[in-house]
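A.B. asks: let me see the structure of the following:
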Amino acid sequence: MEIIEYEVGGILIVKYFLPDWEDRVDPNFDFNRDEFSDNHKKNPYKNDCYAHQLFETPPYDGILVSLAIFEKKISLNHDGKNYQIRGKNNIKDYLKIPKNLNLEVMGDCGAYSYVKENEPPKPFYKVENIANLYQSLGFDYGVSVDHLAVDYIFVKDPVTGKREKKILSTKEKDRRIEITLKNATHFLDVHDKNNYSYHPIGVAQGYDLETYKSSVKSLREMGYDYIAVGGLVQYSTDFILKILKEIETDTKNINIHLFGVLRKDHLDNFESLGVTSFDSASFFRKAWLRSGQNYLSTNGNWYSSIRVPQSSNPRVIKNADLNGFSVEEIKDMENKALKALLDYDKDKIDIDTVLEAVMDYDDLLLRNTDDGNNLQTKYRRTLLDKPWKNCNCPICKDVGISVLIFRGTNRNKRRGFHNLWAFRNMKCNPQNNLISSKNKFKTDKFKTEKKSLCIVPCGSTKIWSKYPNKGPTQADKVYIGSFSKKCQEYAKKFYPDSWCIISAKHGFLFPEDKIPTNYDVSFHDTNSTSITIEELREQAIEKKLYNYEKIIALGGKTYSEIVNDIFTEKIIVKPLDGCKGIGYMMNKLNTLINN
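C.D. replies: This is a model prediction of the structure:
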């Protein structure tokens, strides 16, 4: 059995697979005129490039292709046996991987796409079909057909049309695990019977330590020497480490892949517990998902990109109109902001001049998509440090400051590609890079601090309803409804140094965090674009909320369920549990505070 770790300069590295969503850029995009090239306009797929075509050495070891994303692009040949994707007979040809490039392709089913279904939909996800598809398209690795054993799913109410949370019973989760293992048995049989050339990977699904261990043991007994652990995105790093520790005795000489997990501060420990590969798009997607963490430098520092959206954007036009500006005026301000940034890159103007031009345009946007921190402060830090000037990646050298401008696919995805490169080229520091020092796992390193964190809900009534012209405001002064204020009063009295707010828009907010402007997003409204559980878990990691052993959760049922989903391995105390409504909760809080 060959373990797939390999050495670079004597240091072992865990293989990294990048999930693909057809992420390509126009190599000849004109950043000065903001125009696509003629070749892109004629044939975007033929013209555009993947990240591995832009770098001399790809910033990843392989690509993960989820069949769910490409299902409609895959078709049978005329013989009815072999497959094509966009007319290509081989997945590597489709992904434009040169013959001389040692870049591997792993295929999986994309189980999140059918998580609401009773079982993986047939005929496409029939085991024989998937096994044949991997072989026909020339995949290096093929993952068996699995079904996620999640705690809950969202289903649409047939009457109201609204999404509702449906809790999955233990019996239902066990049934899904049984489907996954049954498919894995059949998948390996089909693979071996037909002498397929790709490497088969069995999926271990579970929902606690016992079920994950049982799944891994079953897959090993079937004969799998490569096992992928699924359903981990929803879990904290602490719990993932516990899973790996639990299955360690059953994975000797077994390759272990982690689906959808990149916890860079713990890759060292993942490897020491047997992990040989993982996939994640988080560093790529951060290029446009968080205002404070869009651009990664090779020393591990994150920088904010500078937002200059197209003035033709309907929302920009609407908000500018509310401020009394014409379409021509906002177009002029947009051009001035872009020109100022390009001039600053050439050292023609100073930082205050460029910031003034950028913020004049930015003030028109009235966006509610920021993460709550002050953008001007972040922009100043980016412009002062000029991280693109110190970067040796071909993207930064080619497009300069344009890689830091948040504006359209060609800039944003290039920034994402840069992040992948920076991730792979960080300094050899076990705290911030992919390179492992092969340290042994130490349980005491992950002991949580014996502290309590109090989490209070946000509220629909905000400071701007009383003072419409008020600017960015500290989070602890934003929510002025009576229940929100009472929850904060409780937190300040009993947990003055360890409390935060959970916002449907901004996620976890410390009291001193600033919220730029009003917003109307609610966890209760399924039609609003509230922050996702996955994003909240990422914030909890970034803000070190998992360092607390006990969580004090205030609020109603919806907030309690969200806290349960995020802090699965923590002690959760709910002082307001059992209260039937706001009035009862207010009375309970008053009693607790006064006594």
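
A.B. asks: show me where the stretch 401-550 of the chain has its helices.
C.D. replies: Taking DSSP state H, counting those that start in this stretch as the criterion, the stretch 401-550 of the chain contains helices spanning 408-424, 463-466, 482-494, 533-542.

A.B. asks: so which of those helices comes closest to L589?
C.D. replies: Proximity of the helices of the stretch 401-550 of the chain to L589 was assessed by Cβ to Cβ; the nearest stretch is helix 482-494, lying at 4.9 Å. The way it works is simple: take the backbone N, C-alpha and C, and place the C-beta from them, glycine included.

A.B. asks: buried sites along that closest one?
C.D. replies: Judged by neighbour count using 16 or more other Cβ atoms under 10 Å, the buried positions of helix 482-494 are 483-484, 486-488, 490-492.

A.B. asks: next: stretch 124-134.
C.D. replies: Counting neighbours by 16+ other Cβ under 10 Å, one finds that the buried residues in stretch 124-134 are 124-125, 127, 129-134.

A.B. asks: mind putting these in CSV, distance to G583 and secondary structure included?
C.D. replies: Conversion of the buried residues of stretch 124-134 to CSV gives the following (distance: Cβ to Cβ, whole Å; DSSP: H, G, I helix; E, B strand; the rest coil):
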residue, distance to G583, secondary structure
F124, 52, coil
Y125, 50, coil
V127, 55, helix
N129, 57, helix
I130, 55, helix
A131, 59, helix
N132, 62, helix
L133, 58, helix
Y134, 59, helix
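
A.B. asks: ranking the helices of the stretch 401-550 of the chain by burial, who's on top?
C.D. replies: Across the helices of the stretch 401-550 of the chain, the average number of neighbours (mean count of other Cβ atoms under 10 Å) peaks for helix 408-424, which reaches a mean of 23.

A.B. asks: now that one, how far from the centre of its chain.
C.D. replies: The chain centroid and the centroid of helix 408-424 are separated by 14 Å, computed with Cα atoms, centre = their mean, to the nearest Å.

A.B. asks: by contact count, what packs against it?
C.D. replies: With contacts taken as 3 or more Cβ pairs under 8 Å, 6 or more residues apart in numbering; DSSP states H and E, helix 408-424 sits against helix 51-54, helix 282-289, strand 295-296, helix 394-399.

A.B. asks: and the longest helix anywhere in the chain, what other elements does it pack with?
C.D. replies: Among the elements of type helix in the chain, defined by DSSP state H, the one spanning the most residues is helix 170-193. With contacts defined as 3+ Cβ pairs under 8 Å, 6+ apart, the packing partners of helix 170-193 are helix 127-136, strand 199-204, helix 209-222.

A.B. asks: tell me which of these is the most buried.
C.D. replies: When you average the neighbours per residue for each of those (mean count of other Cβ under 10 Å), strand 199-204 leads with a mean of 26.

A.B. asks: what angle separates that one from helix 127-136?
C.D. replies: Computed by axes from the mean of the first three to the mean of the last three Cα atoms, to 10 degrees, the angle separating strand 199-204 from helix 127-136 equals 140 degrees.

A.B. asks: neighbouring strands for strand 199-204, and are they parallel or not?
C.D. replies: Within its sheet, and counting by DSSP bridges, strand 199-204 is paired with strand 141-143 (parallel), strand 226-229 (parallel).

A.B. asks: closest one to V145 among the helices and strands packed on helix 170-193?
C.D. replies: Across the helices and strands packed on helix 170-193, V145 has its closest neighbour in helix 127-136 (5.4 Å, Cβ to Cβ).

A.B. asks: determine the set of other helices and strands touching that closest one.
C.D. replies: Under the contact rule (3+ Cβ pairs under 8 Å, 6+ apart), helix 127-136 is packed against strand 83-85, strand 141-143, helix 170-193.

A.B. asks: and that helix, what's its mean pLDDT?
C.D. replies: Averaged over helix 127-136, pLDDT sits at 94.

A.B. asks: got it, and stretch 176-192?
C.D. replies: Predicted confidence along stretch 176-192 averages 97 (mean pLDDT).

A.B. asks: next one: that stretch to chain centre, how far?
C.D. replies: For stretch 176-192, the distance between its averaged C-alpha position and the chain's averaged C-alpha position is 29 Å (Cα atoms, centre = their mean).

A.B. asks: now do the buried residues in it.
C.D. replies: Residues of stretch 176-192 classed as buried by neighbour count (16+ other Cβ under 10 Å): 176-177, 179-181, 183-188, 190-191.

A.B. asks: coming back round to it: worst average pLDDT in the helices of the stretch 401-550 of the chain?
C.D. replies: The stretch with the lowest average pLDDT out of the helices of the stretch 401-550 of the chain is helix 533-542, scoring a mean of 87.

A.B. asks: contacts for that helix, please.
C.D. replies: Outside helix 533-542, the residues that touch it by Cβ atoms under 8 Å, 6 or more residues apart in numbering are 233-234, 236-237, 263, 282, 289, 293, 502, 507-508, 545-546, 562, 565-567.

A.B. asks: repeat that for 6 Å
C.D. replies: Contacts of helix 533-542 from elsewhere in the structure, counted by Cβ atoms under 6 Å, 6 or more residues apart in numbering, are 233, 507-508, 546, 565-566.

A.B. asks: likewise stretch 174-185?
C.D. replies: Identification of contacts with stretch 174-185 by Cβ under 6 Å, 6+ apart yields 119, 127, 144-147, 149, 202-203, 205, 218, 222.

A.B. asks: about what we covered before: angle of the longest helix of the chain against strand 199-204?
C.D. replies: Orientation check (the same axes, to 10 degrees): helix 170-193 against strand 199-204 gives 170 degrees.

A.B. asks: which residues sit in contact with P27?
C.D. replies: Residues touching P27, when contacts are defined by Cβ under 6 Å, 6+ apart, comprise C49.

A.B. asks: just the residues contacting stretch 212-232, thanks.
C.D. replies: Outside stretch 212-232, the residues that touch it by Cβ under 6 Å, 6+ apart are 1, 143, 146, 148, 181, 185, 188, 199, 201-206, 240, 243, 246-247, 250, 254-259, 261.

A.B. asks: how about 8 Å then?
C.D. replies: Contacts made with stretch 212-232 from outside it, assessed by Cβ under 8 Å, 6+ apart, are listed as 1, 108, 111, 141, 143, 146, 148-150, 177, 180-181, 184-185, 188, 199-207, 240, 243-244, 246-247, 250-251, 253-261.

A.B. asks: equivalent analysis for stretch 42-60, please.
C.D. replies: The set of residues that contact stretch 42-60 without belonging to it, under Cβ under 8 Å, 6+ apart, is 16-18, 20, 23-28, 37, 39-40, 63, 86, 95-97, 101, 103, 393-395, 417, 420-421, 423-425.

A.B. asks: can I get the helices and strands packed on helix 408-424 in TSV with distance to L375 and mean pLDDT?
C.D. replies: Formatted as TSV, the entries for the helices and strands packed on helix 408-424 read as follows, by distance: least, Cβ to Cβ, whole Å; pLDDT from 0 to 100:
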stretch	distance to L375	mean pLDDT
helix 51-54	28	94
helix 282-289	14	90
strand 295-296	14	94
helix 394-399	22	94
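
A.B. asks: between the ones you listed, which gets nearest to E71?
C.D. replies: Taking Cβ to Cβ as the criterion, helix 282-289 is the member of these that comes nearest to E71, at 21.7 Å.

A.B. asks: buried sites along the closest one?
C.D. replies: Neighbour counts over helix 282-289 (16+ other Cβ under 10 Å) mark 282-289 as buried.

A.B. asks: equivalent analysis for stretch 323-337, please.
C.D. replies: Residues of stretch 323-337 classed as buried under the neighbour-count rule (16+ other Cβ under 10 Å) are 325, 330-331, 333-334, 336-337.
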